[in-house]
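Student: sequence isn't available, so here's the structure alone:
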């Protein structure tokens, strides 16, 4: 404890604390990135332009410009059916501005810099009484993370943040893999990129995961942008379908706000009172058939530990005082029922982990085909679909196909001995974010209610299409 206090005292005694700060944060930030990446010049604002090194001790961020749009504020106003008022797009805290100018710096590291009082602000010339008689260091003042910044204000970070290694290393992909990933793209504009995620490919890295879509996107889906694509929502590894990523930080915070407001609105019974700006529809093949052809599932979900804490699962939590839970809402509608199977259209009104899988298995009593985690009892008596000789011959031909990243999209239908998860994000309707950002910059009083929507549709993976064809 004494050593930690001594380190902090040394930090605050120096103008920048640069050397000591490097020793303090570098061991914990081996996977962190530098501030070098910034939004491309001329692309929906360029906060990265103009960054410079002053006095050898500080990394200077560009001055705050009112033309910069706050994506989170824009998303909130759009979700609430309002228009962005003059000056609202420019509401900015010191923390937000640092994260925007240095998009590759981890948020936890930036917050640590603020906590250790290592972030400074240089006021604009309008805020200085005698600029000519003051040095750079004299014009710097400590700034808190939540402090609002004014037009022309500059933020200074310790120069040692430049020395931090990159947070995300580019994943080495050969030409075949690059072409495969780019072939998944459903939509691409200046603000977002949407792909049809294949089943079996994890969205994020983790223990035992060599390559994830998040890492591969840096190499394959960056195109001519300076910033890396950012995740704004997730799909399970074995789930397929539409995955939307932000191409710049403003669009990513915009999308984060839309997803958050969507859940809040649903929990406040606001889902039917106004038009839904963000709509997601899934197709699922389930075992059995629901009692009703359509309805809304409302059931709280919580996580429970299994196998002495070695694993966990999500389950319905009713009135428990010890297990925390989150309310979850799902709309469902029967598309077709045949031969003991049912195709469902599922619309999650909230975004909870494994929400659709648990609601289907535990509330409707119809587990999704291939979901052995939540529907293992139904799969114990599962009998694979009997196919004709011609269909079996065609199926054998498909088994020879080898796809990049070790993916197999052909096998796993209801005709196979062990079917794969039959859950697919089929449709996403969301606002045209690129157009919203463009019009907001042109007019601070832009009416967001007039914004047009984008409709994205993703075809089924081959094994799910085979199951659909077999049942017909």
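Tutor: Cool, the structure landed. Quantities reported herein were computed from a predicted structural model and do not represent experimental measurements.
Student: which parts of the stretch 51-200 of the chain are strands?
Tutor: Along the stretch 51-200 of the chain, counting by DSSP state E, counting those that start in this stretch, strands occupy 52-54, 58-60, 120-122, 140-142, 154-158, 185-188, 192-197.
Student: could you tell me the least trusted of those?
Tutor: Note on those: lowest mean pLDDT is at strand 52-54, with a mean of 43.
Student: assign residue 214 to helix, strand or coil.
Tutor: helix (DSSP: H, G, I helix; E, B strand; the rest coil).
Student: the nearest residue to it once chain neighbours are set aside: neighbour count?
Tutor: Distance criterion CB to CB, 6 or more residues apart in numbering; nearest residue to residue 214, sequence neighbours excluded, is residue 204 at 5.1 Å. (Glycine included, C-beta is placed from N, CA and C.) Residues near residue 204, counting by other CB atoms under 10 Å, number 12.
Student: quickly note the distance from residue 204 to residue 62.
Tutor: 31 Å (CB to CB, to the nearest Å).
Student: now do residue 300
Tutor: Where residue 62 is concerned, residue 300 sits at a distance of 46 Å (CB to CB).
Student: now swap in residue 207 and tell me
Tutor: Distance, residue 207 to residue 62, by CB to CB: 39 Å.
Student: neighbour count for these two, which is higher?
Tutor: residue 62 (19 against 4).
Student: my read: that one touches residue 101, true?
Tutor: Yes: taking contacts as CB atoms under 8 Å, residue 62 lies within contact range of residue 101: 6.4 Å.
Student: burial of the residue lying closest to residue 195 once chain neighbours are set aside, as a residue count?
Tutor: Distances taken as CB to CB, 6+ apart put residue 184 closest to residue 195, at 4.3 Å, once the chain neighbours are dropped. Close neighbours of residue 184, defined as other CB under 10 Å, add up to 17.
Student: residue 184: what's it in contact with?
Tutor: For residue 184, the contacting residues are 195, 196, 197, 198, by CB atoms under 8 Å, 6 or more residues apart in numbering.
Student: try it again at 7 Å.
Tutor: 195, 196, 198 (CB atoms under 7 Å, 6 or more residues apart in numbering).
Student: if you rank those residues by neighbours, which is first?
Tutor: That'd be residue 195 among the contacts of residue 184, by other CB under 10 Å, with 25 neighbours.
Student: so how far is residue 122 from it?
Tutor: 42 Å.
Student: the strands of the stretch 51-200 of the chain: which one's closest to residue 171?
Tutor: Closest approach to residue 171 among the strands of the stretch 51-200 of the chain is made by strand 192-197 (15.1 Å; CB to CB).
Student: strands paired with that closest one, and their directions?
Tutor: strand 185-188 (antiparallel), strand 240-246 (antiparallel) (DSSP bridges).
Student: identify the residues contacting whichever helix or strand residue 335 is part of?
Tutor: Applying DSSP states H and E as the criterion places residue 335 in strand 326-338. In this structure, residues lying in contact with strand 326-338 by CB under 7 Å, 6+ apart are 266-267, 289-290, 293-301, 342-350, 352, 355-356, 359, 471.
Student: if we use 6 Å, what do you get?
Tutor: Applying CB atoms under 6 Å, 6 or more residues apart in numbering, the set of residues contacting strand 326-338 from outside is 266-267, 289, 293-294, 296-298, 300-301, 342-350, 352, 355, 359, 471.
Student: what's the mean pLDDT across stretch 327-336?
Tutor: 95.
Student: got the buried residues for it?
Tutor: 328, 329, 330, 331, 332, 334 (16 or more other CB atoms under 10 Å).
Student: likewise for stretch 455-464?
Tutor: Judged by neighbour count using 16+ other CB under 10 Å, the buried positions of stretch 455-464 are 456, 458, 460, 461, 462, 463, 464.
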